[in-house]
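# Here you go, sequence then predicted model.
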Amino acid sequence: MFRQRHHRQSAKVTQLREQEEERERLRRSMSKQIKKEFAEKGVGSDLDVLDLQEHLHNYKEVLYLPIKFSEEEMMAKSQAFYEYMKLRRSVRCFSDKDISLKLVQNLVKTAGTAPSGANLQPWTFCVIHSRKIKRSLRAMIEEEEQRNYTRRIGAKWVLDVEHLSVHWNKPYITEAPYVIVVMKHIYQIKPNGERQITYYNEMSCSIAVGILLSAIQNVGLVTVTTAPLNAGGHIRELLRRPENEKAMLVLPIGYPAEDAHVPDLRRKKLEDIIRMY
């Protein structure tokens, strides 16, 4: 019986050793592949590459089930979507009419479907409905914006945006029923307390914001993107967000005011933005 138990234990040890060797083989293989693709481009250190490898290795694959349309349906849907999206404008005058929190949550969920580097999803969408917090947020942004316009950026910027009705004062932050502050994660914290680099966090969050803008337009609401230059630290403290998060954009969301006006702009033609190869 002792020999049988010893034999089973030895077999178990052998099996575990083989599994560990197989994992190590896969680790080395993936490490070489990822280093070739990323490290030569100067993206992070070797340890960062191994972090990425470990993160990707934990996902199992499932069958992709695409939504299928005929060629005619695809053409019709693409044209209809374009016709709707070309009406999108940056609106700075909001109605005080409230909107449903559930609607805002759906918009955020849609933004959260964006792709991200290593699927780390390096974003937090801070949804503000509190009038008190909106007032504080507006005061912080306006204080820094006034300095930007009068001291930091200079006269050229002021002249460049004059035709767009862009000013340092941001009344729409308190007028809109909701404001979303998009926080990008500079890094993430692993369960063991170590830092995990967030690959392409700026690019990933930018894609998410693009999807969010489309979702807002899709339901008939409006917004305007506001970059909180030099106010990020104050905003993070106001919203009590951790140090690894940085305020990227501020987006008021709501209905346009009845008398809302926008500049009569013209977008570039297709031939000016496309090159065929």
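Sure, I can see it.
# So which residue is smack in the middle of this structure?
Cys205 (2.2 Å; C-alpha atoms, centre = their mean).
# From the rest of the structure, what touches the helix or strand it falls within?
Secondary structure from DSSP states H and E places Cys205 in helix 201-218. Residues outside helix 201-218 that contact it (C-beta atoms under 8 Å, 6 or more residues apart in numbering) are 84-85, 87-88, 106-108, 110-117, 120-123, 125, 180, 182, 184-186, 198, 222-223, 225, 248-249, 251, 253. (Glycine included, C-beta is placed from N, CA and C.)
# before we move on, back to that, measure the residue nearest to the centre of the chain to Gln196 for me?
Counting by C-beta to C-beta, to the nearest Å, the gap from Cys205 to Gln196 is 16 Å.
# what's the next secondary structure element after the helix or strand where Cys126 lies?
Per DSSP H and E, Cys126 falls inside strand 123-128. Later in the chain than strand 123-128, the nearest helix or strand by DSSP H and E is helix 131-147.
# contact partners of that following helix?
Residues external to helix 131-147 that are found in contact with it (C-beta under 8 Å, 6+ apart): 128, 168-171, 173-174, 179, 181, 226, 228-231, 234-235, 238-239, 250.
# Give the buried residues for that helix.
Neighbour counts over helix 131-147 (16 or more other C-beta atoms under 10 Å) mark 134, 136-142, 144-145 as buried.
# avg pLDDT for that helix?
Across helix 131-147, pLDDT averages out at 93.
# what about the strands in the stretch 151-277 of the chain?
Assigned by DSSP state E, counting those that start in this stretch, the strands in the stretch 151-277 of the chain fall at 178-185, 187-189, 195-197, 245-253.
# what number of residues lie near the closest residue to Thr226 other than its chain neighbours?
Spatial nearest neighbour of Thr226, chain neighbours left out: Val250 (4.3 Å); criterion: C-beta to C-beta, 6 or more residues apart in numbering. By other C-beta atoms under 10 Å, the residues close to Val250 number 25.
# Met248 too?
A count of nearby residues for Met248, using other C-beta under 10 Å, gives 21.
# Over to the one 3 residues further on?
Other residues within reach of Leu251, judged by other C-beta under 10 Å, total 21.
# Verify the contact between it and Ile180 for me.
Yes: the criterion here is C-beta atoms under 8 Å, and Leu251 meets it with Ile180 at 4.7 Å.
# before we move on, the earlier item: may I have the residues that are in contact with the residue nearest to Thr226?
Taking C-beta under 8 Å, 6+ apart, we find Val250 in contact with 137, 141, 173, 179-182, 225-228, 235.
# Look up which residues are beta-bridged to it.
Using DSSP bridges, the bridge partners assigned to Val250 are Val181, Thr226.
# and for stretch 183-196, what are the contacting residues?
Residues contacting stretch 183-196 (C-beta under 8 Å, 6+ apart): 51, 55, 120, 122-126, 197-198, 201-202, 204-205, 236, 239, 241-242, 244-248.
# about what we covered before: now do the strand holding Cys126 and helix 201-218, the angle between them.
If you take axes from the mean of the first three to the mean of the last three C-alpha atoms, to 10 degrees, strand 123-128 sits at 50 degrees to helix 201-218.
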